[in-house]
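Visitor: What follows is a predicted protein model with its sequence.
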Amino acid sequence: MISLTEIKKEDMEYIYKWFSDSEFLKYYDYYPPHPLTKTEVDKMFDYYEKSSKSKVFAVRKDKRIIGVAGFDDIIKENQVATLFIGLGNENERGKGHGKEAMRILLEFGFNDLNFHRIQLNVLEFNDKAIALYERCGFRKEGVLREFVLRDGKRYNLVLYGLLKNEWIKKNESRGH
């Protein structure tokens, strides 16, 4: 059973581990995948907690944290936000937990936070994430060509978006 909850102090030891893992960071963000110190991670999550432009959750499986997910760059006046999700626990990837976390996030974003648009960025080599986003109804809207440098090679950053009415339509066609 997947749930999204607030991040607790005892979750941070796992989050520190994930954000010090270059392999996790390689897929998580378009910034260079340099391991972060505990101080840098604390600073980032402190910003998320205090900012009105972010909402971050622990992704839990049976009460145990397996990742982080949420919204960043929230512009309330425009009813838009950028979604992110990262499953830090390697053993829990590829089991449908990301899809379930995404479903919960989208419901919360569109229904509770009243977003009109939810967008995301993904690196072109992250095939599993792209497949998940497209299954959830996200549409490819653009490409920032050769935006990211990884291991001496350039990659595109792909931009996706999902509008509330598209999400509603997709859920209605599924009988939800």
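Guide: Thanks, I have it.

Visitor: was I right about E6 contacting R60?
Guide: No: the pair E6 / R60 is not scored as a contact, 10.3 Å apart, by C-beta atoms under 8 Å. Where C-beta positions appear, they are placed from N, C-alpha and C, glycine not excepted.

Visitor: okay, those two: which has more neighbours?
Guide: The neighbour comparison of E6 against R60 (other C-beta atoms under 10 Å) goes to R60, with 18 against 9.

Visitor: and that one, what does it touch?
Guide: By C-beta atoms under 8 Å, 6 or more residues apart in numbering, the contact list for R60 reads I2, S3, L4, T5, I66.

Visitor: Number of residues surrounding the fourth one?
Guide: It stands for T5. Counted with other C-beta under 10 Å, residues neighbouring T5 total 12.

Visitor: which residues of the chain fall in strands?
Guide: Taking DSSP state E as the test, the strands found in the chain are 2-5, 55-61, 64-75, 80-87, 117-123, 139-150, 153-163.

Visitor: Using TSV, lay out these together with mean pLDDT.
Guide: Output for the strands of the chain, formatted as TSV (pLDDT from 0 to 100):
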stretch	mean pLDDT
strand 2-5	95
strand 55-61	96
strand 64-75	96
strand 80-87	95
strand 117-123	97
strand 139-150	96
strand 153-163	97
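
Visitor: Export those to TSV and append columns for distance to D42.
Guide: Formatted as TSV, the strands of the chain follow (distance: least, C-beta to C-beta, whole Å):
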stretch	distance to D42
strand 2-5	19
strand 55-61	13
strand 64-75	14
strand 80-87	17
strand 117-123	24
strand 139-150	26
strand 153-163	27
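
Visitor: that older thread, which single one of the contacts of R60 is nearest to L132?
Guide: Using C-beta to C-beta, I2 is the member of these that lies nearest L132, at 13.5 Å.

Visitor: rewinding a little: nearest to E90 among the contacts of R60?
Guide: Distance to E90 across the contacts of R60 (C-beta to C-beta) is lowest for I66, with 9.7 Å.

Visitor: list the contacts for that closest one?
Guide: Contacts of I66 by C-beta under 8 Å, 6+ apart are V59, R60, L87, G88, N89, E92, H97.

Visitor: Report the mean per-residue pLDDT for the longest helix along the chain.
Guide: With secondary structure taken from DSSP state H, the chain has its longest helix at helix 38-50. The average pLDDT for helix 38-50 rounds to 93.

Visitor: neighbours around F84, how many?
Guide: 19.

Visitor: ok, now how distant is it from K17?
Guide: Per C-beta to C-beta, to the nearest Å, F84 is found 18 Å from K17.

Visitor: residues contacting the closest residue to N121 other than its chain neighbours?
Guide: Nearest non-adjacent residue to N121, counting by C-beta to C-beta, 6 or more residues apart in numbering: L157, 5.4 Å away. L157 makes contact with Y30, N121, V122, L123, E124, V143, L144, F147, V148 under the criterion C-beta under 8 Å, 6+ apart.
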